[in-house]
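Colleague: need the 3D shape of this:
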Amino acid sequence: MIARLIVQTVLWLAGMGAVLFGAAGTLAWPGAWCYLFEMGALGLWVGVWLARHDPALLAERLGSFIQRGQGPWDKFFMVCVAVAWCGWLVLMGLDARRFDWSSMHPSLQVVGVLAILVSMVAMRSVFRANSYAAPVVKIMAERGHKVSDSGPYAYVRHPMYAWAILFLLGMPLLLGSFWGLACVPLLVVGLAYRAVLEERMLCAQLAGYEEYAARVRYRFVPYVW
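Modeller: All right, here's what the predicted structure looks like:
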């Protein structure tokens, strides 16, 4: 499992690096190198922790983004995410390095590093509370799928998405792209749309979820939404 984690992490980083540096037209991009290093280190840290504490969840998270049991709408959503993610990386490469449209103060890039760090550390608390936090939307009946309502799930129904917002904010800051930052609201809308569809499925197919949703009122941010 650890070997698979390392291989997939290296391939994922290599793919992102190819898109970022290809769009930038140069390898002389400290922000991108810092991002790739931080993602590699934090990703392996969380992955090794999962391998020790919840190998079944790690196996789920290392799986394909298109899986059996996943609804057609989520398969389509994940394809759209892949396209949007690549487009976002290209935009930030063009903006921050190739054409230098943005000029971001280094202090904001430090904020980006910290935002990514906080979001990834917080993700571990999400995985600790929810052994069914797969990257795709599906009911894992073979694993005894049940409602998770402890830890961060006691406050919001989708803490993984909530912390993902902080990650999405930190990434363009670290890479030095204001145009990338301007795209974040659109990405958040996409997450919100998926959360609504996911809840419809969970209410219909997962025992106790409708009662949980009535008890925990907010999806992403307490007292906001």
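Colleague: right, and P222 touches Y155 too?
Modeller: Yes - counting by Cβ atoms under 8 Å, P222 sits close enough to Y155 to count as a contact (5.7 Å). All C-beta atoms are positioned from the backbone trio N, CA, C, and that covers glycine.
Colleague: give the residue farthest from the middle of this protein.
Modeller: Relative to the centre of the chain, the most outlying C-alpha is that of F99, 27.7 Å out, by Cα atoms, centre = their mean.
Colleague: and the least confident helix or strand in the chain by mean pLDDT, how far out from the chain middle?
Modeller: Every helix and strand of the chain was ranked by mean pLDDT, DSSP states H and E. The lowest is helix 55-61, at a mean of 94. Centroid separation for helix 55-61 versus its chain: 15 Å, with Cα atoms, centre = their mean, to the nearest Å.
Colleague: quick revisit: gap between the residue farthest from the centre of the chain and E60?
Modeller: F99 is 40 Å from E60, where distance means Cβ to Cβ, to the nearest Å.
Colleague: also Y161?
Modeller: Counting by Cβ to Cβ, the separation of Y161 from E60 is 17 Å.
Colleague: look up the closest residue to the residue positioned nearest the centre of the chain, ignoring the ones flanking it.
Modeller: The chain has A164 as the residue nearest its centroid, 5.0 Å off, counting by Cα atoms, centre = their mean. Leaving aside its sequence neighbours, A164 sits nearest to L191 (Cβ to Cβ, 6 or more residues apart in numbering; 6.4 Å).
Colleague: okay, and the one you found sits in which element?
Modeller: For L191, the host element (DSSP states H and E) is helix 184-205.
Colleague: hey, where'd the helices end up in the chain?
Modeller: 2-24, 30-53, 55-61, 72-93, 106-129, 159-175, 178-182, 184-205, 209-215 (DSSP state H).
Colleague: dump those helices into a markdown table; add distance to P135 as well.
Modeller: Output for the helices of the chain, formatted as a markdown table (distance: least, Cβ to Cβ, whole Å):
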| stretch | distance to P135 |
| --- | --- |
| helix 2-24 | 12 |
| helix 30-53 | 13 |
| helix 55-61 | 6 |
| helix 72-93 | 8 |
| helix 106-129 | 12 |
| helix 159-175 | 10 |
| helix 178-182 | 22 |
| helix 184-205 | 11 |
| helix 209-215 | 19 |
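Colleague: and G151, which of those is closest to it?
Modeller: Closest to G151 of the helices of the chain, according to Cβ to Cβ: helix 106-129, at 3.2 Å.
Colleague: buried set for the closest one?
Modeller: Buried residues in helix 106-129, counted by 16 or more other Cβ atoms under 10 Å: 109, 111-113, 115-117, 119-120, 122-124, 126-129.
Colleague: nearest to L91 among those residues?
Modeller: Proximity of the buried residues of helix 106-129 to L91 (Cβ to Cβ) peaks at G112, which lies at 16.0 Å.
Colleague: and that closest one, how close does it get to A28?
Modeller: 19 Å.
Colleague: can you check F76 too?
Modeller: Going from F76 to A28 by Cβ to Cβ gives 38 Å.
Colleague: which ones are touching T9?
Modeller: Counting by Cβ atoms under 8 Å, 6 or more residues apart in numbering, T9 touches G40, G43, L44, G47.
Colleague: since that was my last question, I'll sign off now.
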